[in-house]
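**Q** fold the following, please.
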Amino acid sequence: VIESRLVGGYLEGYARQLAATPARMLGDPDRAAMEAARATQGRPSFRDVWLDEALKYETGLRAAIRAADGLASSGRLEEAIGLLESTRSYWPGDATLLSNLAVLYGRSGKVEQALLLLADVLESHPNDATAHLNAGSMYAKLLTIRADAIDLAHAHVERAIELNPGMARAHKAAAILLNH
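**A** Numbering: from 1, shown residues only. A predicted model of the protein is given here:
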């Protein structure tokens with residue numbers, strides 16, 4: 001019965017997880033592993049028609065950041081950077097915008113440019129945990145180039161944790177840095 005429902009749609013992942021359970025119970029671990037793996041592919045997508053409609057009319061800074069995120073997710077980093085750079089003229093000191101732009105710079109290999117931008121953010125917003133985490137991540141990308149990168153990465157990540165102890169990404173970054 002479950003197999004007949006595995007035709008796609010937002011419930012497919014759940015149905016595949018359900019299919020993995022009896023396969024495991026019937027002694028077919030290969031099939032169970034396959035169904036479980038297929039259940040976790042991609043991100044779940046539950047359409048919210050009200051949100052979809054509202055986003056059509058979204059404007060301003062949030063819309064620009066969301067659009068840049070969409071461009072970057074689809075591999076169009078330079079377009080995303082261009083969008084945020086043009087948006088920057090309207091909101092030159094916005095920490096969220098600048099931090100997002102710095103992340104895009106880092107993803108496109110412009111790590112030094114990202115660090116300069118994050119230094120500006122941290123100068124005006126010294127208690128911005130996300131900016132500290134992003135700076136730590138950028139310094140981590142420079143481990144093979146700069147001798148002081150590991151210490152700077154640790155300092156920024158630890159500061160992010162100090163400012164926001166519940167920030168899971170910061171704890172994950174700190175754990176990754178422990179290996180270096």
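
**Q** could you list the low-pLDDT ranges of the protein?
**A** 1-17, 19, 38-46 (pLDDT under 70).

**Q** rerun that using 50 as the cut-off
**A** Scanning the chain with the threshold set as pLDDT under 50 gives 1-2, 4-6.

**Q** could you pull out the helices for it?
**A** Listed in chain order, the helices found in the chain under DSSP state H are 12-25, 29-39, 49-56, 60-73, 77-88, 95-107, 111-124, 129-141, 149-163, 168-177.

**Q** just name the most buried of those.
**A** Taking mean count of other CB atoms under 10 Å as the contact definition, the stretch among these with the greatest mean neighbour count is helix 129-141, which reaches a mean of 24. (C-beta placed from N, C-alpha, C; glycine too.)

**Q** could you check the angle helix 168-177 makes with that helix?
**A** With axes from the mean of the first three to the mean of the last three CA atoms, to 10 degrees as the basis, helix 129-141 and helix 168-177 are set at 20 degrees to each other.

**Q** and helix 129-141, C-alpha only, in PDB?
**A** As requested, the backbone C-alpha atoms of helix 129-141 are provided in PDB (Å, rounded to 0.1, in the frame of the first residue of the first chain):
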ATOM      1  CA  ALA A 129      27.100  37.200  17.200                       C
ATOM      2  CA  THR A 130      26.400  36.300  13.500                       C
ATOM      3  CA  ALA A 131      29.100  38.700  12.300                       C
ATOM      4  CA  HIS A 132      31.600  37.200  14.700                       C
ATOM      5  CA  LEU A 133      30.600  33.700  13.500                       C
ATOM      6  CA  ASN A 134      31.000  34.800   9.900                       C
ATOM      7  CA  ALA A 135      34.400  36.300  10.600                       C
ATOM      8  CA  GLY A 136      35.500  33.100  12.300                       C
ATOM      9  CA  SER A 137      34.300  31.100   9.300                       C
ATOM     10  CA  MET A 138      36.300  33.400   7.000                       C
ATOM     11  CA  TYR A 139      39.400  33.100   9.000                       C
ATOM     12  CA  ALA A 140      39.000  29.400   9.000                       C
ATOM     13  CA  LYS A 141      39.200  29.500   5.200                       C
END
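
**Q** that helix vs helix 111-124, what angle?
**A** Using the same axes, to 10 degrees, the inter-axis angle of helix 129-141 relative to helix 111-124 is 150 degrees.
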